[in-house]
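Novice: Next comes the sequence, and after it the predicted model I'd like to discuss.
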Amino acid sequence: MKHRNLVSVFVLLSVLLGMAFAAPAQAAPGHVCQTFHTVERGENLFRIALRYGTTMAELQSLNAIQNPNLIYAGQVLCVKTGASGGTTYVVQPGDWLAKIARRFGVNTWVLAQVNNLVNPNLIYVGQVLTIPDVTIQ
């Protein structure tokens with residue numbers, strides 16, 4: 001019985017930690033998420049779509065949601081995007097994302113989002129990054 005309770009606690013903690021450290025929603029390539037929505041208890045994708053004047057299909061596409069019935073409280077969704085525009089930059093030896101963001105006056109998370117970087121700590125020499133024209137802080 002103790003083992004079973006311990007396993008249940010471990011699973012619950014894993015889920016909670018996964019939610020706490022989940023990355024913000026990703027927009028489509030070449031787009032920056034302009035408006036985010038944090039899912040509240042009892043909300044569903046249909047109601048969120050109505051609230052922002054969009055469709056469930058659009059929200060599913062923007063957020064790579066396979067099953068529209070599987071969203072959870074605390075989940076951050078992208079509900080509106082815009083074209084990023086901007087220039088490109090080729091990653092050089094010794095570069096890291098925050099350094100590049102600071103160089104161009106762009107928020108690090110925005111830079112990661114524009115370039116669809118799931119892990120902003122994983123960039124490589126020779127990688128071409130899009131630097132957005134507009135800084136979003």
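Specialist: Noted; the coordinates are in hand. Numbering: from 1, shown residues only.

Novice: Got the domain ranges for the protein?
Specialist: 23-82, 85-131 (automatic domain parsing).

Novice: what pLDDT, on average, does the first one get?
Specialist: Per-region confidence: domain 23-82 scores 82 on mean pLDDT.

Novice: re the thing from before, got the domains of the chain as a markdown table, with mean neighbour count columns?
Specialist: For every residue, glycine as well, the C-beta is placed using N, CA and C. As requested, the domains of the chain are exported to a markdown table (neighbours: other Cβ atoms under 10 Å):
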| stretch | mean neighbour count |
| --- | --- |
| domain 23-82 | 15 |
| domain 85-131 | 15 |
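
Novice: helix, strand or coil for the closest residue to residue 44 other than its chain neighbours?
Specialist: Of all residues not flanking residue 44 in the chain, residue 71 sits nearest, at 7.1 Å (Cβ to Cβ, 6 or more residues apart in numbering). Assigned by DSSP: H, G, I helix; E, B strand; the rest coil, the conformation of residue 71 is coil.

Novice: can you map out the helices along the chain?
Specialist: With DSSP state H, the ranges of helices along the chain come out as 2-20, 45-51, 56-63, 97-104, 108-114.

Novice: packing partners for the fourth one?
Specialist: Counting contacts by 3 or more Cβ pairs under 8 Å, 6 or more residues apart in numbering; DSSP states H and E, helix 97-104 packs against helix 108-114, strand 128-131.

Novice: ok, now the third one?
Specialist: Helix 56-63 sits against helix 45-51, strand 76-83, with contacts defined as 3+ Cβ pairs under 8 Å, 6+ apart.

Novice: Okay, angle between the longest one and helix 56-63 too, please.
Specialist: The one in question is strand 76-83. If you take axes from the mean of the first three to the mean of the last three Cα atoms, to 10 degrees, strand 76-83 sits at 90 degrees to helix 56-63.
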